[in-house]
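# sequence first, then the predicted structure:
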Amino acid sequence: MSVHIANANFKNGYRVLVLNGSPKSDSFTWQLAERFLKAARQAASIKIYNAYDIAANACVDCGYCKSNRACKFSDLNEFYSDFESFDLIVFSTPVYNLSFPAPLKAIIDRLQLYYNARFSRGEKPAIAKKRKAVIISTCGGSDDAGFKIIEKQLKAAFTVLNIELAGTVFKTCTDNEKIGEEDLQKASKLALTIFE
Ligand SMILES: Cc1cc2nc3c(=O)[nH]c(=O)nc-3n(C[C@H](O)[C@H](O)[C@H](O)COP(=O)(O)O)c2cc1C
């Protein structure tokens, strides 16, 4: 379900959780994420969750999390625990129909657990630890509307999730262009702003 990249030298126990939304092994988005992680690797321990491998149950709005700090489905228990305790969350996702691929959207909908902690049970903040996040994304066309929608969805969630957006890397036109060195540099520079 998840992959660990442990690093004995990582600084102060800094832990990075990566949520990968692409189903492809030769993913454009993952090329950017890998460059980000390469720059982060000296300073952090990294754990990767692949949304397509997890194939999380979709939220069914059963209301269980209105009265319990848990989901009625147990498939994301390990993920929830890491999500609350890791220092940085990397959202690495292609744009599908102006949004997230369905398996990643299912996980994001399952963060409703924290929305209900905050607004049904008055837990403020819903997650005690303040964390950072970055968003790395690519899309095939030249229009960045999908990225804006993804960013808007995540920013709205971050206010409840006690997450500060540390930066974004976004690349359009993958239908016609490869990921270039300039795009990869943006990913490493973002990592350096966080880890230097
Ligand atoms: C189901 C599906 C829906 C897509 N929807 C969009 C879209 O709305 N806008 C866009 O610009 N590209 C769209 N694309 C193209 C992908 O965003 C693009 O190929 C992306 O770079 C793939 O990233 P990956 O290689 O990391 O998986 C879509 C691709 C697929 C397979």
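It's in. Numbers count the residues shown, from 1 in each chain.

# for Lys132, phi and psi?
Main-chain torsions, Lys132, degrees, to the nearest 10: phi -110, psi 160.

# any idea what the spatially most central residue of the chain is bridged to?
Nearest residue to the geometric centre of the chain (Cα atoms, centre = their mean): Phe91, 2.5 Å. Taking DSSP bridges, one obtains Leu19, Ile135 as the residues bridged to Phe91.

# report the contact partners of it.
19, 21, 133-137, 154 (Cβ atoms under 8 Å, 6 or more residues apart in numbering). Heads up, the C-betas are built off the backbone N, CA and C, glycines and all.

# let's go with 7 Å and repeat that
By Cβ atoms under 7 Å, 6 or more residues apart in numbering, the residues touching Phe91 are 19, 133, 135-136, 154.

# enumerate the residues of this structure near the ligand.
22, 24, 27-30, 94-98, 138-141, 146, 174 (Cβ under 6 Å from any ligand atom).

# same thing but 8 Å
Counting by Cβ under 8 Å from any ligand atom, the positions of the chain adjacent to the ligand are 21-24, 26-31, 92-99, 101, 138-143, 145-146, 171-172, 174-175.

# filter these to the buried ones?
The neighbour-count test (16 or more other Cβ atoms under 10 Å) marks 21-22, 27-31, 92-96, 101, 138-140, 146, 171-172, 174 as buried among the residues of the chain next to the ligand.

# got a pLDDT number for Asn12?
Per-residue confidence (pLDDT) for Asn12: 60.

# quick one: Phe83 and Val18 touch, right?
No: using Cβ atoms under 7 Å, Phe83 makes no contact with Val18, being 11.5 Å away.

# more neighbours: those two, which one.
Val18 (26 against 21; other Cβ atoms under 10 Å).

# tell me how far that one lies from Glu181.
Between Val18 and Glu181 the computed distance is 22 Å (Cβ to Cβ, to the nearest Å).

# how far away from the center of its chain is the longest helix seen in the chain?
When the chain is parsed with DSSP state H, its longest helix is helix 145-161. Put simply, helix 145-161 sits 11 Å off its chain's centre (Cα atoms, centre = their mean, to the nearest Å).

# stretch 77-97 now?
Counting by Cα atoms, centre = their mean, stretch 77-97 is centred 4 Å from the centre of its parent chain.
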